[in-house]
Each structure stands twice: as structure tokens, then as C-alpha cells.
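Trainee: could you look at this predicted model? Sequence included:
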Amino acid sequence: LFRSTNPVKEDIEYVDSIMEDVRWLGFDWEDRLFYASDYFEQLYEYAVILIRKGKAYVCDMTAEEISETRGTPTRPGKESPYRDRSAEENLDLFARMRTGEFPDGTRVLRAKIDMASPNMHMRDPILYRIIHASHHRTGDAWCIYPMYDFAHGQSDSIEQITHSICTLEFEVHRPLYDWLIREIGIYAPRQIEFARLNMSYTVMSKRKLLELVQKGFVNGWDDPRMPTICGLRRRGYTPESIRNFAETIGVAKRDNVIDVSLLEHCIREDLNKRANRLMAVLNPVRVVLENYPDDLVEEMEAVNNPEDETKGKRSVPFSKVLYIEREDFMEDPPNKFFRLAPGREVRLRSAYIIRCERVVRDPETGLIREIICTYDPNTRSGMPDSNRKVKGTLHWVSARHAVNAEVRLYDRLFLTENPDDAEEGKTYIDYLNPDSLRIVTALVEPAAAGVVPGDKFQFERIGYFSVDKDSGANNLIFNRVVALKDSWAKTEKDR
């Protein structure tokens with residue numbers, strides 16, 4: 001059910017995006033797609049019933065006056081001077097509200113309950129307000145619209161809902177939900193509340209997420225840093241991983257914060273089984289094999305997915321000049337550094353063992369420009385020394401065959417675990433992570449040339465990546481879904 005009762009705040013974009021997200025997650029509402037706007041006439045008649053019973057009245061107070069007279073949780077509110085209007089006068093005014101006679105904000109319909117109630121929602125809440133705005137489904141047919149609290153229970157009743165599932169903040173609304181159904185005299189569903197999902201290192205409030213979008217802190221609702229379904233989808237999460245996450249955390253009756261590492265664990269588990277492997281170098285340094293023939297190109301056989309033999313193998317071109325990660329080389333390495341260093345050997349994935357002989361530096365900056373190595377031709381798979389053991393294995397790409405790609409390295413949106421718990425004088429905005437997105441130009445093996453948006457890969461030794469929707473044949477874009485390291489699994493093991 002879409003309870004689109006405010007034409008100013010709701011539009012068809014929200015409706016369509018929610019429907020698309022639900023379908024993508026693998027669910028289908030079949031013939032059970034409902035809109036509260038379809039019940040506007042029936043809801044109006046329910047309001048008339050309340051007026052006739054003396055349980056609702058038209059109030060001419062402004063929004064500010066209503067707020068000022070509501071009182072506080074420890075002090076009762078003041079009754080509206082219009083509270084004792086006759087049923088006949090209220091029916092007349094309500095009908096004229098419907099025909100558009102009065103401007104926005106001049107009159108509302110309020111329930112007549114108890115201005116001294118300890119529950120603030122029972123202090124003569126507003127049921128209808130005047131809004132001269134076009135609705136995305138009913139157009140200009142209406143200029144009065146029900147409040148959410150009025151549309152909620154009555155729509156549930158019309159649809160014969162047995163249980164209305166709400167988040168915990170609606171627990172204090174339940175007395176009003178029950179009161180309205182009881183006073184109108186219609187079928188009574190049962191409202192049940194549960195804790196909404198809260199995750200660490202992000203915010204889940206729609207109001208705050210909207211602020212992030214409107215103020216340009218993120219690039220729309222589908223920004224891969226957003227905790228929205230469309231954001232997770234664009235980042236590269238799969239429906240199966242999200243459903244597994246939801247099943248794992250279950251439903252709680254108390255507010256809590258779920259560690260985002262669990263969500264990351266679920267996508268790693270899923271992509272480890274389904275994602276093909278590629279080699280990509282994100283921070284390249286040039287490697288020259290001085291004893292390799294200048295014009296020779298060999299095709300190395302690499303496994304697409306060691307978790308799934310049916311994915312087969314691919315050919316990766318190998319040549320004299322390669323690129324490896326700059327972080328995989330150190331001139332003066334510490335004891336437990338098993339990657340490339342002067343005089344040391346490492347294996348290149350699916351290829352040969354190489355040895356670092358010396359480095360060439362940029363004369364101006366002093367930075368390493370290239371690493372001069374030799375290769376052992378007897379260490380390729382199937383050769384006599386192919387089983388010779390070395391401690392390090394590196395990924396690589398052939399310089400002449402590498403494909404350029406934009407790689408978007410997404411990280412957590414906030415620096416602190418609970419950005420809602422802000423220090424005095426700060427807001428959640430102050431905890432935004434300035435490095436939540438870094439963009440680098442990477443070199444990827446040529447198999448990447450045929451990818452399409454939505455394809456997912458493990459960049460070996462780096463993490464899981466998904467082809468962005470804006471990617472094209474001449475402008476490859478990969479989004480980092482999640483890094484390879486699984487901190488949540490390690491935490492659980494430590495426990």
C-alpha cells in the first residue's frame with residue numbers, strides 16, 4: 001500500500017522507485033497493489049461519521065496556535081475555541097473545505113478526544129488539512145487530504161489487513177489507530193511494532209538522507225554510499241546478499257544498531273561464489289623483465305572462479321613490460337613483508353617467478369619509475385620448476401594490453417559508528433567521511449573490455465567490484481562493492 005496522502009511531499013518518482021526496488025529484491029505483490037488515494041472518497045465518508053457522532057470538529061486555529069495549545073507531556077493542552085461547534089456546522093464547513101472555498105492553512109478537521117491525555121497524539125490530532133496542490137494519482141480532484149494517522153488504520157481496514165506492521169516510533173500512535181477504528185465502527189486490524197533497521201557508520205532517517213541528497217553531500221538517492229536499496233544495487237550488492245542479511249539479523253522489539261560489517265560479510269559470501277576473477281592494478285608501477293624477449297607475447301591460463309569450476313578459464317596476455325601495485329614493492333622491507341624487494345623472488349599470478357634486480361628512479365622526483373627484474377622461464381605451469389615455492393604471489397597486467405578504467409573506491413559514509421550520537425554543538429553532517437569516495441585510474445587485464453553494467457568481479461587481492469550503470473565501451477567504470485578483507489568474520493571468530 002502506498003499511503004500517498006500529501007501531494008506536496010510524494011510524487012510518482014518515489015512510487016516507481018519503490019516498486020522497482022521491491023521487484024529487484026525478488027518479490028511480487030501480484031494483484032495486491034493498493035494506494036490510499038484510491039480510498040479518498042471512503043476516507044472522507046469516515047470523517048463525516050466522526051463529525052456526526054461529535055467525535056471530530058473543524059478548527060480555525062493556525063498551525064502555530066494548535067502547536068502552542070497542545071501543552072507538554074507534563075502539562076495538559078488547552079481546548080480549541082471551535083471544539084464545541086455543532087455537528088451541523090462542522091459538516092457544512094467540512095463540505096466547503098472539500099469544494100475549495102478556503103485557502104491553505106485556514107481550517108483543519110481535528111479529532112475530539114482528550115486535550116489532557118498523557119499521550120500527545122490523543123490531544124485532538126489533526127485528521128484533514130487543506131492543500132491546494134495536484135496529487136500524482138488524483139490530480140486536482142481533491143484539495144483536502146487526510147493525515148497519515150487517519151489514512152493508516154482506515155486503509156488497513158478497507159483492505160482487511162490482519163496485522164499492520166510498523167516501526168517502534170508508531171507505538172505511541174497505536175491508541176489513536178485503535179480509537180479511530182472503534183469510533184468509526186469498522187473492521188479492526190491489529191497494529192504491531194518492531195525496531196527499524198539501524199546500521200553503523202550511516203544514517204537511516206529519510207529526512208537526513210534527503211538532506212544529504214539536497215545539499216549535494218551525495219550524488220542522488222542511488223549514490224553507492226547511500227543505505228538505500230537503489231544505492232546498494234548500484235554499488236554492486238545482490239538481492240540474495242540483502243535477503244540473507246535481513247534473515248540473519250531477524251526482527252527485534254528493541255532499537256539496536258547492526259554492525260555494517262555483517263552486511264559486508266553477506267555480500268562477500270555471495271560474490272565469492274559467483275564473481276569471476278580479474279587482475280587490475282590500481283596504483284601501478286612499471287616492471288621490466290630484462291631477460292624476456294622484446295616482442296614475445298604469451299597467453300597465460302587463469303582460472304575464472306576457483307569456487308566454481310563451471311566458470312572455466314581465460315587467457316591473460318603476458319609480455320616484457322608489466323605493471324604491479326606500487327604497494328607490492330619495498331626497497332627496505334620489514335621482516336614479514338613477503339612481496340617484491342631487491343634480491344627477492346615472487347610469483348606472478350598464473351605466470352612466472354620473477355626476481356628484482358634493481359630499480360630506476362625519476363631524476364627529478366626521486367620516486368621509483370620502474371623495477372628491473374628477471375624471470376625464470378622454467379617456472380610457468382607445466383614447466384620443470386613450476387612447483388618451486390616462493391612466499392609471495394602478486395597480481396599484474398601486461399603494459400601493452402592493459403585497459404584503462406575509472407575505479408570508484410567507496411568507503412563508509414561517516415567516520416563515526418553512530419553519527420546520530422553527535423557531540424554538543426555538532427550534527428551528523430560533521431561526521432561525514434571526506435574519503436568516502438576516491439577515484440583512481442586503474443589498469444585492468446583486457447578481458448574487462450567486454451563487460452556490461454551490473455557485471456561483478458573480484459579484482460584479485462583487492463576486493464569485489466561492479467560495473468557502474470554509466471560505464472561504456474570507451475569509459476569503463478567500476479564501483480568497489482567491498483574490500484576483500486572480512487573484518488566481521490574475524491570479529492566473530494575472535495569472540
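Mentor: Great, that's in hand.

Trainee: for the residue nearest to the spatial centre of the chain, give me its contacts.
Mentor: The centre of the chain sits closest to residue 227, judged by CA atoms, centre = their mean, with a distance of 2.5 Å. Shown in contact with residue 227 (CB atoms under 8 Å, 6 or more residues apart in numbering): 199, 202, 203, 204, 209. Every residue, glycine included, has its C-beta placed from N, CA and C.

Trainee: can you put those residues in a markdown table and add neighbour count?
Mentor: Below are the contacts of residue 227 laid out as a markdown table (neighbours: other CB atoms under 10 Å):
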| residue | neighbour count |
| --- | --- |
| 199 | 20 |
| 202 | 22 |
| 203 | 22 |
| 204 | 14 |
| 209 | 19 |
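
Trainee: of the residues you listed, which belong to helices?
Mentor: Counting by DSSP state H, the part of these found in helices is residue 209.

Trainee: relative to residue 473, how far out is residue 162?
Mentor: Distance of residue 162 to residue 473, computed by CB to CB, to the nearest Å: 52 Å.

Trainee: repeat that for residue 298.
Mentor: 27 Å.

Trainee: now residue 142: closest residue in space, sequence neighbours ignored.
Mentor: Excluding the flanking residues, the one nearest residue 142 by CB to CB, 6 or more residues apart in numbering is residue 40, at 5.8 Å.

Trainee: residues contacting the one you found?
Mentor: With CB under 8 Å, 6+ apart as the criterion, the residues that contact residue 40 are 138, 141, 142, 145, 146.

Trainee: flag the least confident of those residues.
Mentor: Across these, the smallest pLDDT goes to residue 138, namely 88.

Trainee: and the residue nearest to the centre of the chain, helix, strand or coil?
Mentor: At residue 227 the chain is in coil, as set by DSSP: H, G, I helix; E, B strand; the rest coil.

Trainee: what distance do you get for it to residue 17?
Mentor: From residue 227 over to residue 17 the distance is 15 Å, taken as CB to CB.

Trainee: again with residue 9
Mentor: 15 Å.

Trainee: so these two - more neighbours on which side?
Mentor: A side-by-side neighbour count of residue 9 and residue 17, using other CB atoms under 10 Å, places residue 17 first with 15 against 11.

Trainee: ok so that one is a strand residue?
Mentor: No - going by three-state DSSP, the assignment for residue 17 is helix, not a strand.

Trainee: does it really touch residue 230, like I thought?
Mentor: Yes - assessed by CB atoms under 8 Å, residue 17 is found in contact with residue 230 at 6.2 Å.

Trainee: mutual contacts of those two, please.
Mentor: In contact with both residue 17 and residue 230: residue 221, using CB under 8 Å, 6+ apart.

Trainee: show me the shaky parts of the stretch 1-150 of the chain.
Mentor: 1-4, 10-11 (pLDDT under 70).

Trainee: for the stretch 351-495 of the chain, same thing?
Mentor: In the stretch 351-495 of the chain, residues with pLDDT under 70: 486-495.

Trainee: hmm, try it at 90
Mentor: For the stretch 351-495 of the chain, the stretches with pLDDT under 90 are 381-387, 450, 473-474, 485-495.

Trainee: I am assuming residue 249 contacts residue 195, so please confirm or correct that.
Mentor: No - using CB under 8 Å, residue 249 makes no contact with residue 195, being 10.1 Å away.

Trainee: burial of residue 437, as a residue count?
Mentor: Per other CB under 10 Å, the neighbour tally for residue 437 reads 18.

Trainee: quickly note the distance from it to residue 218.
Mentor: Residue 437 is 9 Å from residue 218, by CB to CB.

Trainee: one step back: who's more crowded, residue 298 and residue 473?
Mentor: The residue with more neighbours, out of residue 298 and residue 473, is residue 298; 15 against 9, by other CB under 10 Å.

Trainee: my guess is the more buried one contacts residue 317. True?
Mentor: Yes - using CB under 8 Å, residue 298 makes contact with residue 317 at a distance of 7.4 Å.

Trainee: residue 428 contacts residue 413, doesn't it?
Mentor: No - using CB under 8 Å, residue 428 makes no contact with residue 413, being 10.1 Å away.

Trainee: the more surrounded of the two?
Mentor: residue 413 (24 against 19).

Trainee: in a helix, residue 174, correct?
Mentor: Yes - per three-state DSSP, residue 174 lies within a helix segment.

Trainee: for it, what are its contacts?
Mentor: 191, 193.

Trainee: against residue 187, how distant is it?
Mentor: Distance from residue 174 to residue 187, by CB to CB: 17 Å.

Trainee: what's the overlap in contacts for residue 437 and residue 218?
Mentor: residue 225.

Trainee: in stretch 269-289, what counts as buried?
Mentor: For stretch 269-289, the neighbour count (16 or more other CB atoms under 10 Å) marks 270-272, 275-282, 284-289 as buried.

Trainee: just the ones of those in helices?
Mentor: Using DSSP H, the buried residues of stretch 269-289 in helices are 270, 271, 272.

Trainee: so where do the helices sit in the chain?
Mentor: 12-24, 40-52, 63-68, 87-99, 148-158, 174-184, 206-214, 229-235, 239-249, 260-274, 487-494.

Trainee: got the angle between the first one and helix 239-249?
Mentor: Relative orientation of helix 12-24 versus helix 239-249 (axes from the mean of the first three to the mean of the last three CA atoms, to 10 degrees): 80 degrees.
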